[in-house]
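Enquirer: Here is my input, please return the structure:
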Amino acid sequence: MKLFKTIFPIFLLAIGITSCDVQQTKEGELPDVDISAEAGTLPEYDVDWMDVNVGTKTKTITVPTVEVVMEERTVEVPYIDTSWPDEQTKLYEQTIMVEAEISEQNKSLEIEKIYAIGDRLIVLSSLESMDESLGDKSIRVSDQVVINAPDLTVKHYIIGDKPSRSFNNNYSYINDRDEIASKIEGAKVIFG
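Expert: Below you'll find the predicted structure:
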């Protein structure tokens, strides 16, 4: 009877396993119980466990996002009114804007100088760390200047460490002004 109490829970456990393919390979026999017990044989089973394949799959899921809300405000912005040697040159009022998406630590972004050379404007800005932590938020910082000039190619350089966010790939980040010295040689400073 004691042997039966040991075998019966094992037998129930084997029945309860549904994710296995179980093939009996040998018949079992319970022992005859009397004063002199003969040893019985337990059944044997081949258990084929499930196959597991690990990979990736594209799924649409809901994830938390940081929402950037832009709002219009009336503020004073620097305005540059230019005059060009060719009086026939058509001038356009355009906004020169630099923007960076930052996280972890707050930073200030400021346009320091704008150079004009040929048909290009070179905008030099600086991105400097502040003492304020952003925690787990990310924000965008920006600066802008309005210019009345012909339609020119604009190239931005930002002095400072490039933030890790992919939005920041729109600008070239440099360590200092010396890195662009050859690009601004002979250029006219029109702002800063």
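Enquirer: Now the terminal residues of stretch 175-188, how far apart.
Expert: Start and end residues of stretch 175-188 are separated by 22 Å (Cα to Cα, to the nearest Å).
Enquirer: per-residue confidence averaged over that stretch?
Expert: Mean pLDDT, stretch 175-188: 92.
Enquirer: Outside of that stretch itself, list whatever touches it.
Expert: Y115, A116, I117, I122, L124, K155, Y157, I159, I174 (Cβ atoms under 8 Å, 6 or more residues apart in numbering). Any C-beta I mention is one placed from the backbone N, CA and C, and that applies to glycine too.
Enquirer: elements contacting the helix or strand harbouring V145?
Expert: Element membership for V145 (DSSP states H and E) is strand 120-149. Packing contacts for strand 120-149, counted by 3 or more Cβ pairs under 8 Å, 6 or more residues apart in numbering; DSSP states H and E, involve strand 79-81, strand 92-117, strand 153-159, helix 181-184, strand 188-191.
Enquirer: strand partners of that strand, parallel vs antiparallel please.
Expert: Take DSSP bridges as the rule and strand 120-149 pairs in its sheet with strand 79-81 (parallel), strand 92-117 (antiparallel), strand 153-159 (parallel).
Enquirer: Out of these, which is closest to E71?
Expert: E71 lies closest to strand 92-117 among those, at 15.0 Å (Cβ to Cβ).
Enquirer: Domain-wise, how is this structure divided?
Expert: Residue ranges for each domain of the chain read 2-48, 83-191, as given by automatic domain parsing.
Enquirer: how many neighbours does the residue found closest to E104 once you drop the neighbours it is linked to in the chain have?
Expert: Excluding its sequence neighbours, the residue lying closest to E104 (Cβ to Cβ, 6 or more residues apart in numbering) is L134, at 5.8 Å. Using other Cβ atoms under 10 Å, L134 is surrounded by 14 other residues.
Enquirer: hang on, L134 packs against R140?
Expert: No - the criterion here is Cβ atoms under 8 Å, and L134 misses it with R140 at 11.5 Å.
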